[in-house]
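J.: Below are the sequence and a predicted model for it; my questions follow.
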Amino acid sequence: MRIGIIGTGAMASIFGGGLIGAGHEVVFIGKNAATIAALNEHGLTVDRDGSPSSNYAASATIDAASVGICDIVLVLVKAYDTPAAVSALVPLIAPETSIVTLQNGVGAGEIIAAAFPENLESGKIVKGVTYQGGTVLAPGHVYHHSTAATLFGPFLGADTAGAKKVAALWTEAGWAASITDDIDAEVWKKVVVNGVNAIAATTGLPSRAMTESPAVRQLVEDIVLEGMAVAHALGYTQLDERQAVADILRVLAETPDGRTSMLQDIDAGRRTEIDVLNGAVIEAAERLDIDVPLNRALYTQVIQWEVAQGLRSPRFGAGAGTVN
Ligand SMILES: NC(=O)C1=CN([C@@H]2O[C@H](COP(=O)(O)OP(=O)(O)OC[C@H]3O[C@@H](n4cnc5c(N)ncnc54)[C@H](OP(=O)(O)O)[C@@H]3O)[C@@H](O)[C@H]2O)C=CC1
Ligand SMILES: CC(C)(CO)C(=O)C(=O)O
């Protein structure tokens, strides 16, 4: 299959590597010249726990127009980069192209769906959530926690054919994948458990270390339970809060060298996805009249860090709940 991946960061690289390894033709579309050069010249190196590093011959470009039509396109940029990524994607998309987002948070799927209505109508926009993790070590070199779950579902309607086609790719690459008929509930569960990202960002702790400190482990549990009350009030009553706590603690504990995506943003001095994660929880909680003090505290700290870095206007530093 011809697969276009927009992004050359952590997730683009872990999934791109595995899909090249499974025999697919993969083209990365990025915007960082140094990373593109590293990929084309030295290939993509992926470290996985318990196995030697793998190096994959990689093809990467800044010029999306040079790529041509793809069978499947994976959108793996940060949520706030989705509008620009979607514009770049146009030359890759035919009516039969499946477009897949595995981005965290709320809203990216809606931006993609609005841009490609024909693919949306035919069930070819696939929304997913993944508990796999990627950490960038250097341009063209990533660490991959690969044993965790990925769930796919149609963005619109009940036709799961498109989601099944993508899940089959995952299975071929040796990764767990399943189909859900309620991807929106899974997206909210992931938004809630991604509360751990802000904990990592504010403590500086790598993933496993968060589970080893009793105080931080308790904070992980508390942030998930707080967010789950909001998810339940939104109508996702089928989500089991204890299961959500157990799931995220397991993912963190199984990722000794992992750094959550938000901690990697802090490391790199770049904007975080706080708005579409804790910010989304706060926004929903305000509408539903639910108190979410932990989410507010973490949100405020991360926003203040962004303000201090000059990444965001000081007027957003006024307090939690001021979501963009
Ligand atoms: N890392 C993780 O473990 C997990 C991340 N996720 C989610 O996956 C998504 C991607 O995260 P992650 O891979 O960590 O992020 P990274 O920041 O590592 O990678 C994002 C990539 O997108 C590139 N990019 C941004 N805008 C464009 C554009 N217009 N055209 C082409 N490339 C572009 C960036 O380029 P540049 O390098 O130049 O900035 C970068 O290579 C996020 O929504 C994240 O929350 C989900 C599960 C786990
Ligand atoms: C916590 C983790 C790794 C779970 O997949 C994640 O989603 C992230 O780092 O953004």
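T.: Now that the structure is in, tell me what you want to look at. Numbering: from 1, shown residues only. Ligands and ions are numbered 1, 2, ... in the order given.
J.: For this protein, just list every one of the strands.
T.: If DSSP state E is used as the criterion, the strands of the chain fall at 2-6, 25-29, 44-48, 51-56, 59-61, 72-75, 98-101, 125-130, 133-138, 141-145, 150-154, 178-179.
J.: Let me have those in a markdown table, adding distance to V90 as columns.
T.: Every C-beta, even on glycine, is put in place using the N, C-alpha and C of the backbone. Listed next are these as a markdown table, based on distance: least, Cβ to Cβ, whole Å:
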| stretch | distance to V90 |
| --- | --- |
| strand 2-6 | 11 |
| strand 25-29 | 11 |
| strand 44-48 | 25 |
| strand 51-56 | 27 |
| strand 59-61 | 15 |
| strand 72-75 | 11 |
| strand 98-101 | 11 |
| strand 125-130 | 15 |
| strand 133-138 | 26 |
| strand 141-145 | 27 |
| strand 150-154 | 22 |
| strand 178-179 | 28 |
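J.: out of those strands, nearest to ligand 1?
T.: Nearest of those to ligand 1, taken as Cβ to the nearest ligand atom: strand 133-138 at 3.5 Å.
J.: rewinding a little: a markdown table please, covering the strands of the chain and showing distance to ligand 1 and mean pLDDT.
T.: Output for these, formatted as a markdown table (distance: least, Cβ to the nearest ligand atom, whole Å; pLDDT from 0 to 100):
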| stretch | distance to ligand 1 | mean pLDDT |
| --- | --- | --- |
| strand 2-6 | 5 | 98 |
| strand 25-29 | 5 | 98 |
| strand 44-48 | 12 | 96 |
| strand 51-56 | 16 | 93 |
| strand 59-61 | 10 | 98 |
| strand 72-75 | 8 | 98 |
| strand 98-101 | 8 | 98 |
| strand 125-130 | 5 | 98 |
| strand 133-138 | 4 | 96 |
| strand 141-145 | 8 | 94 |
| strand 150-154 | 9 | 97 |
| strand 178-179 | 16 | 97 |
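J.: how about a markdown table for these, with distance to G235 and mean neighbour count added?
T.: Listed next are the strands of the chain as a markdown table, based on distance: least, Cβ to Cβ, whole Å; neighbours: other Cβ atoms under 10 Å:
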| stretch | distance to G235 | mean neighbour count |
| --- | --- | --- |
| strand 2-6 | 32 | 23 |
| strand 25-29 | 37 | 23 |
| strand 44-48 | 38 | 21 |
| strand 51-56 | 42 | 12 |
| strand 59-61 | 42 | 19 |
| strand 72-75 | 26 | 26 |
| strand 98-101 | 22 | 27 |
| strand 125-130 | 17 | 26 |
| strand 133-138 | 29 | 20 |
| strand 141-145 | 31 | 23 |
| strand 150-154 | 16 | 23 |
| strand 178-179 | 21 | 15 |
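J.: What count of nearby residues applies to the residue of the stretch 201-324 of the chain found nearest ligand 1?
T.: Here the residue of the stretch 201-324 of the chain nearest ligand 1 is S261; by Cβ to the nearest ligand atom that distance is 3.6 Å. Applying the criterion other Cβ atoms under 10 Å, we find 24 residues in the vicinity of S261.
J.: ok so, going back, now render the strands of the chain as TSV, adding distance to ligand 2.
T.: Written out in TSV, the entries for the strands of the chain read as follows (distance: least, Cβ to the nearest ligand atom, whole Å):
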stretch	distance to ligand 2
strand 2-6	17
strand 25-29	20
strand 44-48	15
strand 51-56	19
strand 59-61	23
strand 72-75	15
strand 98-101	13
strand 125-130	6
strand 133-138	3
strand 141-145	7
strand 150-154	9
strand 178-179	15
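J.: Any idea which of those gets closest to G310?
T.: Set against G310 and scored by Cβ to Cβ, these come closest in strand 133-138, at 22.3 Å.
J.: Near ligand 2, which residues of the stretch 201-324 of the chain are found?
T.: V251, T260, S261 (Cβ under 6 Å from any ligand atom).
J.: OK, contacts around the last one?
T.: The reference is to S261. Contacts of S261 were listed using Cβ atoms under 8 Å, 6 or more residues apart in numbering, and they are A10, M11, N104, G133, N197, E273.
J.: Restricted to buried residues, select the residues you listed in ChimeraX.
T.: Typed into ChimeraX, the next command selects the buried ones out of the contacts of S261 (criterion: 16 or more other Cβ atoms under 10 Å):
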select :10,11,104,133,197,273
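J.: about what we covered before: so which of the strands of the chain is nearest A201?
T.: When the strands of the chain are ranked by proximity to A201, the top entry is strand 133-138, at 13.9 Å, counting by Cβ to Cβ.
J.: Check which helices and strands that closest one sits against.
T.: helix 10-21, strand 141-145, helix 261-268 (3 or more Cβ pairs under 8 Å, 6 or more residues apart in numbering; DSSP states H and E).
J.: quick one: which of those is nearest S122?
T.: With Cβ to Cβ as the measure, helix 10-21 is the member of those nearest S122 (22.9 Å).
J.: Tell me how far the closest one lies from the chain's centre.
T.: In terms of Cα atoms, centre = their mean, to the nearest Å, the centre of helix 10-21 is set 14 Å apart from its chain centre.
J.: could you give the angle of that helix to strand 25-29?
T.: Compare the direction of helix 10-21 with that of strand 25-29 by axes from the mean of the first three to the mean of the last three Cα atoms, to 10 degrees and you get 160 degrees.
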